[in-house]
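Student: can you look at this prediction? I've put the sequence above it.
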Amino acid sequence: MSSSATPQSASSLSSVSNLSSRSTSPSAHPLAPYGWDETWEAEFAPYAAQGLLPGRVLRVDRGQCDIVTPDGVTRADTEFVVPRDPMKVVCTGDWAAVDPEGGDPRYVRTLLPRRTAFVRSTSSKRSEGQILAANVDHAIIAVSLAVELDLGRIERFLALAWESGAQPLVVLTKADLVPDATGLSYLVEDVETSSPGVQVLPVSATTGEGVDVLCAVVAGGTSVLLGQSGAGKSTLANALVGEDVMLVNAARDVDGKGRHTTTTRNLLVLPAGGVLIDTPGLRGVGLFDAGSGVGQVFSEIEELAADCRFHDCAHTAEPGCAVLAAVEDGTLPDRRLESYRKLIRENQRIVAKTDAKLRADMRRTWKLRGAEGKAAMEAKRGRIR
């Protein structure tokens with residue numbers, strides 16, 4: 001193993017080395033603690049016939065990665081898995097085919113098809129996607145209770161999580177900072193209202209509250225830990241792993257925000273089973289072709305929309321709009337509708353940049369609505385008799 005491997009990689013090597021069996025049974029495979037199963041074994045069969053080894057990517061650096069194989073953790077070159085498409089670059093959580101021992105350097109030869117991928121849009125004007133984690137079962141969205149809740153940001157994270165194919169989970173960290181049980185229950189209720197179909201769990205790594213429940217929820221699968229800097233992700237990762245494997249910095253007293261303690265995405269083995277991918281704090285969380293994800297986050301609005309008079313109702317001023325009626329009678333909070341509109345518009349802009357047909361359809365829709373709005377204003381002013 002290369003001396004540049006991370007401390008977690010060293011502990012992972014120890015756990016892999018203790019599993020000396022080379023049985024073909026997936027449950028007895030040395031990579032079973034990392035998520036290896038019968039499906040991955042079948043996917044890898046053609047590469048096994050070529051003498052390559054299976055491995056899971058623990059961490060990616062420029063041009064290299066730490067990867068765990070049946071022989072332990074090794075450093076591998078990623079030269080052969082650097083495509084032009086940024087959506088296909090090697091990422092933490094990927095399963096790969098890697099050279100056997102003996103080569104210097106050892107190369108990652110190919111990646112196995114991903115089951116899921118957590119993707120956000122980049123800040124570039126090209127509207128490219130950036131993969132944050134691959135082959136994830138649970139998306140843990142860490143939200144600090146040390147600062148005021150931003151429900152819109154939570155909804156944004158949830159849209160990306162649902163779109164990834166993973167099951168979202170909202171963890172309200174630093175619950176010990178809200179000593180009033182009634183106040184904490186109200187905060188949980190607010191987040192639950194914005195997170196239909198998603199478990200919301202208050203957790204304190206300091207007191208241990210909720211940590212055992214979270215361990216049980218994520219055991220046996222691959223989880224990715226997401227959130228802003230200062231959300232307590234590294235502290236939570238240490239609590240789940242049961243030891244201090246991630247560096248932790250104190251949040252600023254001024255605004256409760258933290259520094260980028262974690263600078264790379266790292267895959268950690270959990271003692272209760274499963275693995276955890278810790279990620280750096282995210283300042284920007286842009287949507288990337290997340291239409292179905294937005295629909296799941298705002299499932300109550302989508303259900304109401306089915307009863308609108310017009311199938312293409314924009315829920316702005318149309319007659320017979322069931323969504324606006326729900327806002328009027330208090331059934332639907334106005335904040336939810338505004339957030340829904342915002343994310344829908346953003347996602348349409350992102351998709352339109354890469355979809356010429358959708359771009360043309362959007363232009364036609366804008367022109368039609370513009371003409372309708374102009375006609376309505378003229379009628380209101382009495383210019384049309």
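Tutor: Thanks, I have the structure now. Numbering: from 1, shown residues only.
Student: show me the strands in the chain, by range?
Tutor: Here the chain has its strands, by DSSP state E, at 53-61, 64-69, 72-77, 95-98, 108-111, 117-121, 129-134, 138-144, 167-173, 199-202, 222-226, 266-269, 275-278.
Student: quick one: strands adjacent to the second one?
Tutor: Based on DSSP bridges, the strands next to strand 64-69 in the sheet, each with its direction, are strand 53-61 (antiparallel), strand 72-77 (antiparallel).
Student: report the contact partners of residue 291.
Tutor: For residue 291, the contacting residues are 163, 347, 351, by CB atoms under 8 Å, 6 or more residues apart in numbering. All C-beta atoms are positioned from the backbone trio N, CA, C, and that covers glycine.
Student: repeat that with 10 Å
Tutor: Contact analysis of residue 291 by CB atoms under 10 Å, 6 or more residues apart in numbering lists 159, 163, 343, 344, 347, 348, 350, 351.
Student: which of those sit farthest apart?
Tutor: 163 and 348 (14.4 Å; CB to CB).
Student: neighbours of the residue nearest to residue 178 when sequence neighbours are not counted, just the number please.
Tutor: Of all residues not flanking residue 178 in the chain, residue 184 sits nearest, at 4.5 Å (CB to CB, 6 or more residues apart in numbering). By other CB atoms under 10 Å, the residues close to residue 184 number 18.
Student: related to what we said a few turns ago, look at residue 163 and residue 348 and report which has more neighbours.
Tutor: A direct count of neighbours by other CB under 10 Å for residue 163 and residue 348 places residue 163 higher, at 26 against 19.
Student: just checking, the more buried one touches residue 119?
Tutor: Yes - at 7.5 Å, residue 163 and residue 119 qualify as touching, with contact defined as CB atoms under 10 Å.
Student: number of residues surrounding residue 139?
Tutor: Residues lying near residue 139 (other CB under 10 Å) number 28.
Student: list the beta-bridge partners for it.
Tutor: Going by DSSP bridges, residue 139 forms beta bridges with residue 168, residue 224.
Student: next up, the contacts around it.
Tutor: Contacts of residue 139 (CB under 10 Å, 6+ apart): 116, 118, 132-133, 157-158, 160-170, 198, 223-226, 277.
Student: likewise residue 272?
Tutor: Residue 272 makes contacts with 212, 214, 215, 216, 218, 219, 220, 240, 241, 242, as judged by CB under 10 Å, 6+ apart.
Student: give me that answer again for 6 Å
Tutor: 215, 219 (CB atoms under 6 Å, 6 or more residues apart in numbering).
Student: can you check residue 175 too?
Tutor: For residue 175, the contacting residues are 145, 202, 203, 204, 209, by CB under 6 Å, 6+ apart.
Student: my read is that the third one contacts residue 170, right?
Tutor: No - with contacts defined as CB atoms under 6 Å, residue 203 does not count as touching residue 170, sitting 10.2 Å away.
Student: so between the two, which is more surrounded?
Tutor: Higher neighbour count among residue 203 and residue 170: residue 203, with 27 against 24, using other CB under 10 Å.
Student: skipping adjacent residues, who's closest to that one in space?
Tutor: residue 210 (3.7 Å).
Student: with mean pLDDT added, can I get the strands paired with strand 64-69 in TSV?
Tutor: As requested, the strands paired with strand 64-69 are arranged in TSV below (pLDDT from 0 to 100):
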stretch	mean pLDDT
strand 53-61	95
strand 72-77	94
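Student: most tightly surrounded among those strands?
Tutor: Mean neighbour count (mean count of other CB atoms under 10 Å) peaks for strand 53-61 among the strands paired with strand 64-69, with a mean of 23.
Student: which residues are contacting that one?
Tutor: 9, 34, 44, 65-69, 90, 92, 94-96, 98, 100, 264, 266-267.
Student: related to what we said a few turns ago, among the contacts of residue 175, which one lies nearest to residue 174?
Tutor: residue 145 (4.9 Å).
Student: for residue 71, see how far away the closest one is.
Tutor: From residue 145 across to residue 71, the span is 44 Å (CB to CB, to the nearest Å).
Student: and residue 146, by the same measure?
Tutor: 44 Å.
Student: repeat that for residue 322.
Tutor: Distance, residue 322 to residue 71, by CB to CB: 60 Å.
Student: got it, and residue 173?
Tutor: 37 Å.
Student: pick out whichever of the two has more residues nearby.
Tutor: For residue 173 versus residue 71, the count of surrounding residues by other CB under 10 Å is larger for residue 173: 26 against 16.
Student: is that one in contact with residue 232, as I believe?
Tutor: Yes - in this structure, residue 173 is within contact of residue 232 by CB under 6 Å, at 3.8 Å.
Student: overlap in contacts, these two.
Tutor: With CB under 6 Å, 6+ apart, residue 173 and residue 232 have common neighbours residue 144.
Student: just the helices in this protein please.
Tutor: Ranges of helices within the chain are 7-17, 38-48, 151-164, 181-193, 211-218, 233-241, 291-297, 299-305, 322-328, 334-352, 356-380, based on DSSP state H.
Student: adding mean pLDDT, write the ones you listed out as CSV.
Tutor: Listed next are these as CSV, based on pLDDT from 0 to 100:
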stretch, mean pLDDT
helix 7-17, 41
helix 38-48, 96
helix 151-164, 92
helix 181-193, 95
helix 211-218, 93
helix 233-241, 90
helix 291-297, 89
helix 299-305, 95
helix 322-328, 96
helix 334-352, 88
helix 356-380, 53
